[in-house]
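Chemist: Task: produce atomic coordinates for the following.
(chains A and B)
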There are 2 protein chains.
Amino acid sequence: MKNKGIAVIKDGGITSPSGFKSSGICAGLKRSGKADMALIYSETPAKAAAAFTSCLFAAAPVVYDRAIISKGTPVSAIIINSGNANACTGKKGLANARSMAKTTAGLLGINPDSVLVSSTGRIGVQMPMDKIDGGIRKTVSALSGKGGHDSALAIMTTDTRPKEIAVSFQISGRKVTIGGTTKGAGMIAPGMNAVPHATMLAYVTTDASIDAKLLDKLLAEGADLSFNRITVDGDMSTNDTLIILANGRSGNKIIRSGSEEAALFREALLHVLQFLAKAIVLDGEGVTKFVTIKVLNAPSLKDANLCAKSVANSLLCKTAWFGGDPNWGRVMAAAGYSGASFNPDKASLYYEKTPVVRNGQDAGTEEGVLAKIVQKKEFTITLDLKSGKASTEVWTNDISYEYVKINADYHT
Amino acid sequence: MKNKGIAVIKDGGITSPSGFKSSGICAGLKRSGKADMALIYSETPAKAAAAFTSCLFAAAPVVYDRAIISKGTPVSAIIINSGNANACTGKKGLANARSMAKTTAGLLGINPDSVLVSSTGRIGVQMPMDKIDGGIRKTVSALSGKGGHDSALAIMTTDTRPKEIAVSFQISGRKVTIGGTTKGAGMIAPGMNAVPHATMLAYVTTDASIDAKLLDKLLAEGADLSFNRITVDGDMSTNDTLIILANGRSGNKIIRSGSEEAALFREALLHVLQFLAKAIVLDGEGVTKFVTIKVLNAPSLKDANLCAKSVANSLLCKTAWFGGDPNWGRVMAAAGYSGASFNPDKASLYYEKTPVVRNGQDAGTEEGVLAKIVQKKEFTITLDLKSGKASTEVWTNDISYEYVKINADYHT
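Modeler: Presented below is the predicted three-dimensional model:
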């Protein structure tokens, strides 16, 4: 950690911060019989901020949550299921999402408006509400201050491993903790409405006391610097959701905009969000490589992003990386057709620090040297457009036989 | 053929029209030892129209050809090589393209400004001019009125088969013929500057006598209705080129805008261009399916195209088609994140004529019925947005293990 004082908690997760309980159980929604429902509960009603998919076919729980979040009222719980996305399910789907919140609220003895709902899984099938209702009961019974790991497992779909983290630091003499978990392995592309894409679900909990507007701002900015930087396959989901709950249980002096404490909280939050976003890329379906695409000195941030995402989403680049082939022509072609505006005769390309293209032409580095770089499990490709001052960074991976196999066989 | 009078010529190609010769030879540019240079020659200087890649890193031959075409002077020959793209090669690359034209012109005894140049293959490597010069000599010696098939073979890279066609029809009592050939199997996506993308090279020859402005217009429109409708992998190349040469040798009364003859020529040209464009999709790397995506009743053509191309380029859709999985949720998600504007609650989806989604919700068709459709080798997916009057159509294919294998191993 750059900033001293931010410590990663071993085996930490969403129940590391004070006042949070969680659970993950099996409601029978998945054919595999694996855990498929989770509950996150804050004993003290929490300030909430969130960002959701920008897909026009937003799933019912996304539509439902947006309405709750826009009210700005405190949130006490998030009920989550995998195995069914409750997307393209019309009015009945929305009624089912509302019913999930109501049932959860009833069992917890709280206001239904303080419960958010998330779903991931197959699109276009109505929720099996008998199983869901039974599942909600089980999640409430199983709530535990050590339940973070169980919920991390229950939200997985094609993920191969749970993704969790927690960090702690001091604010006004009090220990503050931020925990997080996420799921997502396919249907991942950068660009949510002030947040990512993917059947990406991410939950962040904190016991910090923080100003509501500052929390909103830090979440939006954090999403842009983490989940909006990742792309696995360029596909955005109907259900992408990122929620943060801040319950104030740490008892710290409220964190306000512009303060040193706000900067510290921001850094810790970014650490959590970036760790989780990178974990999704690393767990991408059939992934063998983690590739960072940097674009420097573009005329605008829009140009930088167009360029970086075009390279990151290029099937020809992704298959070349899988094959350990330097093939920089594919990188230049993807940058060139991205729609970004820049002077191609000035553009230079680097694999790690090694020059590949200088001013639009082969820099003369031996192919064997470049091959060694792209054969590594993790490397950075930097495109210096020398056409402006905007820069960006995107995290992505390769596309393997395994990716095709998983997605030809898996029925979302 | 809808319009009577347009006949497909058996084993026809670019040397079917009068006054055209061609050749395909081996210059030693490909490691495989396969044919890698081709020449197309019109005995009578021809009117030329063309469209090129919109990639910023346009290859040297594209830059060279654009200058020739913009002059509007007659064209007598096109010298073509595969195995090296002459892209990202700077001033030396441009000088090499110019030198290829000059050498060809010298041997044919024509003006260098009447020679176009095309290259496809690896990016970023200077052309081996000794081999090229020897190759040009061989192409000139081998020129033949029956050489169309040889050139169709010589322009191939990862193509599995040559792609050729010729049609003939009557104009003012004279037989007019249009011939065409193309190459392209990877790096294929719709959207050239008034033309396609792809390391797509396409050449059309005709002995028709036709007004130059009309030829320009019909080529641009024809490209939009053919090559700009195809996408294999969403990657656009640095070298995409479509050229038509019309040498007037048929002796027909000149075809002018607005006439019946212009309509007939347009239909015949569209037949040739669409046949060639579809042949590229069918020969896509590792392809097992041909999928037509129709988008109806979008607010604008831009919305229709965004939506259709988003579905056609979705890796999740493409892998589902490979797996023969109806998975319509992926289609709806891709339409929803496309950036196209429409009312999701009105959108309906059909597989062939079978309703899948009605007004944003499951139409209730049994999955087995849908599976039978997407398990066919060729099917049409129609998205009726009911949000306007613009419609479009895109042709694409699935993504298989084989695609990944070819592109992980092939060094463009």
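
Chemist: drop to CA atoms for contacts and neighbour counts, all remaining ones
Modeler: OK.

Chemist: C-terminal to the lengthiest helix in chain A, what's the next element?
Modeler: Longest helix of chain A, by residue count under DSSP state H: helix A:260-282. Remark: after helix A:260-282, the chain's next helix or strand is strand A:290-298, criterion DSSP states H and E.

Chemist: how about the helices in the stretch 301-412 of chain A?
Modeler: Secondary structure of the stretch 301-412 of chain A (DSSP state H, counting those that start in this stretch): helices located at A:301-313, A:315-322, A:328-336, A:367-374, A:401-409.

Chemist: Point out where chain A drops to low pLDDT.
Modeler: Across chain A, residues meeting the criterion (pLDDT under 70) sit at A:1-4, A:185-198, A:233-236, A:407, A:409-412.

Chemist: Counting neighbours, show which residues of the longest helix of chain A come out buried.
Modeler: The neighbour-count check on helix A:260-282 (16 or more other C-alpha atoms under 10 Å in any protein chain shown) flags A:261-262, A:264-282 as buried.

Chemist: residues near the closest residue to A:G388 other than its chain neighbours, how many?
Modeler: Nearest residue to A:G388 in three dimensions, chain neighbours excluded: A:P299, at 4.0 Å (C-alpha to C-alpha, 6 or more residues apart in numbering or on different chains). Number of residues near A:P299 (other C-alpha atoms under 10 Å in any protein chain shown) recorded here: 19.

Chemist: which residues touch A:D216?
Modeler: For A:D216, the contact set (C-alpha atoms under 8 Å, 6 or more residues apart in numbering or on different chains) comprises A:A49, A:A50.

Chemist: Quick one: distance of the helix or strand hosting it to the chain centre.
Modeler: In this structure, A:D216 sits in helix A:212-224 according to DSSP H and E. Distance of helix A:212-224 from its chain centroid, counting by C-alpha atoms, centre = their mean, to the nearest Å, is 14 Å.

Chemist: likewise stretch A:134-154?
Modeler: 21 Å.

Chemist: Get me the contact residues on the stretch 201-350 of chain A for chain B.
Modeler: The stretch 201-350 of chain A has residues A:233-238, A:314-316, A:319-325, A:327-330, A:332-334, A:336-338, A:344-345 near chain B, with proximity defined as C-alpha under 8 Å from any C-alpha of the partner chain.

Chemist: picking that back up, quick one, the helix holding A:D216 and helix A:260-282 angle?
Modeler: Orientation of helix A:212-224 against helix A:260-282 (axes from the mean of the first three to the mean of the last three C-alpha atoms, to 10 degrees) gives an angle of 30 degrees.

Chemist: following helix A:212-224, which helix or strand comes up?
Modeler: Downstream of helix A:212-224, the next assigned helix or strand under DSSP H and E is strand A:230-231.

Chemist: Which neighbouring elements make contact with that next one?
Modeler: Strand A:230-231 is packed against helix A:260-282, helix A:301-313, strand A:390-397, with contacts defined by 3 or more C-alpha pairs under 8 Å, 6 or more residues apart in numbering or on different chains; DSSP states H and E.

Chemist: Show me the contact partners of the second one.
Modeler: I take that to be helix A:301-313. Against helix A:301-313 from outside (C-alpha under 8 Å, 6+ apart): A:231-234, A:293-298, A:317-318, A:331, A:334-341, A:390-397.

Chemist: Quick check: ChimeraX command selecting the buried ones in these.
Modeler: A single ChimeraX command selects the buried members of those (16+ other C-alpha under 10 Å):
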select /A:231,232,233,234,293,294,295,296,297,298,317,318,331,334,335,336,337,338,339,340,341,390,391,392,393,394,395,396,397
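
Chemist: quick revisit: give the contact list for the residue nearest to A:G388.
Modeler: Residues in contact with A:P299 (C-alpha under 8 Å, 6+ apart) are A:S341, A:F342, A:S387, A:G388, A:K389, A:A390.

Chemist: quick one, phi psi at it?
Modeler: The phi/psi pair for A:P299 (degrees, to the nearest 10) reads phi -60, psi -30.

Chemist: which parts of the stretch 51-200 of chain A sit against chain B?
Modeler: For the stretch 51-200 of chain A, the residues in contact with chain B (C-alpha under 8 Å from any C-alpha) are A:S54, A:C55, A:L56, A:F57, A:C88, A:T89, A:G90, A:R122, A:I123, A:G124, A:V125, A:M187.

Chemist: residues contacting the closest residue in space to the second one that isn't next to it in sequence?
Modeler: Excluding the flanking residues, the one nearest A:C55 by C-alpha to C-alpha, 6+ apart is B:Y337, at 4.3 Å. For B:Y337, the residues meeting the contact criterion (C-alpha under 8 Å, 6+ apart) are A:S54, A:C55, A:L56, A:M236, A:S237, B:S310.

Chemist: Tell me how many other residues crowd the second one.
Modeler: Yep, that's A:C55 we're talking about. Neighbours of A:C55 (other C-alpha under 10 Å): 25.

Chemist: One more: the third one?
Modeler: With neighbours defined by other C-alpha under 10 Å, the count for A:L56 comes to 22.

Chemist: Return the distance of it relative to B:A335.
Modeler: Going from A:L56 to B:A335 by C-alpha to C-alpha, to the nearest Å gives 8 Å.

Chemist: Could you pull out the buried residues of the helix holding A:D216?
Modeler: Residues of helix A:212-224 classed as buried: A:A212, A:L214, A:L215, A:D216, A:L218, A:L219, A:A220, A:E221, A:G222, A:A223, A:D224 (neighbour count, 16+ other C-alpha under 10 Å).

Chemist: re the thing from before, format the helices of the stretch 301-412 of chain A as JSON lines; extra columns: distance to A:A208.
Modeler: Listed next are the helices of the stretch 301-412 of chain A as JSON lines, based on distance: least, C-alpha to C-alpha, whole Å:
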{"stretch": "helix A:301-313", "distance to A:A208": "32"}
{"stretch": "helix A:315-322", "distance to A:A208": "41"}
{"stretch": "helix A:328-336", "distance to A:A208": "42"}
{"stretch": "helix A:367-374", "distance to A:A208": "42"}
{"stretch": "helix A:401-409", "distance to A:A208": "40"}
